[in-house]
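[1] Build me a structure from this.
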Amino acid sequence: MIQEDRNIIETNKSNASRKIWVTFQKEGIHKYPAALDDPKLATGGWDDVSFLGYPHRHIFHFRVSIEVFHDDRDIEFIQFKRWLQRLYDMAPDGDEGHSNTKVLELDYKSCEMISDDLYLQIAAKYPGRDVTIEVSEDGENGCEIHYEDTSKIENAFKG
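    The predicted structure follows:
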């Protein structure tokens, strides 16, 4: 490999976008009230999903990616995962003796709404970073939302 190729590789490595990711699960109950009587949902046919209008249980699966700025534990991922899990703990203050076993009462919240709520918590603790959140019901159906740090875009126009 010639020196020019090495320089390109090193530049690419230095400029690479870096993220860490963690996963966790949480039992929850929610409902989709519109499913009870919206004719697009309560069809009476093969595609009827009116049952979603009643409270039902899922294991919600989370996969959270967050931008990091260097490759030596900018955010330590085990600590990040534990912090995220504690957001859903039984005791708001995280007292000893409490565990992550309380069922989430999500009322009408969709996977997208759950993701948005979680993003607000992450952005408050770790501002100025791109974040991607996946939330799924039972690891089967869900959403993926990428929250781009717009301050980078704004700063590019200021410079």
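[2] pull the longest helix from the chain.
    As assigned by DSSP state H, the longest helix anywhere in the chain is helix 111-125.
[3] Can you give me the buried ones in it?
    C111, I114, S115, D116, L118, Y119, I122 (16 or more other CB atoms under 10 Å). No exception for glycine: its C-beta is placed from N, CA and C like everyone else's.
[4] of all those residues, which comes closest to E140?
    Using CB to CB, C111 comes nearest to E140 of the buried residues of helix 111-125, at 11.0 Å.
[5] Okay, the closest one and A42: tell me how far apart.
    21 Å (CB to CB, to the nearest Å).
[6] Also R82?
    Taking CB to CB, one finds R82 at 41 Å from A42.
[7] Equivalent analysis for L84, please.
    Taking CB to CB, one finds L84 at 35 Å from A42.
[8] Among those two, which residue is more densely surrounded?
    The neighbour count for L84 versus A42, taken as other CB atoms under 10 Å, is higher for L84 (21 against 17).
[9] what's the more buried one in contact with, if anything?
    With contacts defined as CB atoms under 8 Å, 6 or more residues apart in numbering, the neighbours of L84 are V22, F24, F62, V64, L118, I122.
[10] Could you identify the most distant pair in these?
    F24 and I122 (13.3 Å).
[11] how about the buried residues of helix 111-125 in a markdown table, adding pLDDT?
    Shown next, in a markdown table, are those (pLDDT from 0 to 100):
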| residue | pLDDT |
| --- | --- |
| C111 | 96 |
| I114 | 96 |
| S115 | 96 |
| D116 | 96 |
| L118 | 96 |
| Y119 | 97 |
| I122 | 96 |
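[12] What is the nearest of those to E137?
    Checking the buried residues of helix 111-125 one by one against E137 (CB to CB), the nearest turns out to be C111, at 6.7 Å.
[13] looking at it, that closest one is touching E144, isn't it?
    No: counting by CB atoms under 8 Å, C111 sits too far from E144 to count as a contact (9.3 Å).
[14] Can you list the low-confidence ranges for this structure?
    Applying pLDDT under 70 to the chain flags residues 90-102, 152-159.
[15] all helices of this protein, in order?
    3-14, 77-86, 111-125, 150-158.
[16] With adjacent residues omitted, what lies nearest to the residue most central in space within the chain?
    Nearest to the geometric centre of the chain sits I133, at 2.6 Å (CA atoms, centre = their mean). Leaving aside its chain neighbours, I133 sits nearest to S115 (4.4 Å; criterion: CB to CB, 6 or more residues apart in numbering).
[17] Cool, thanks, talk later.
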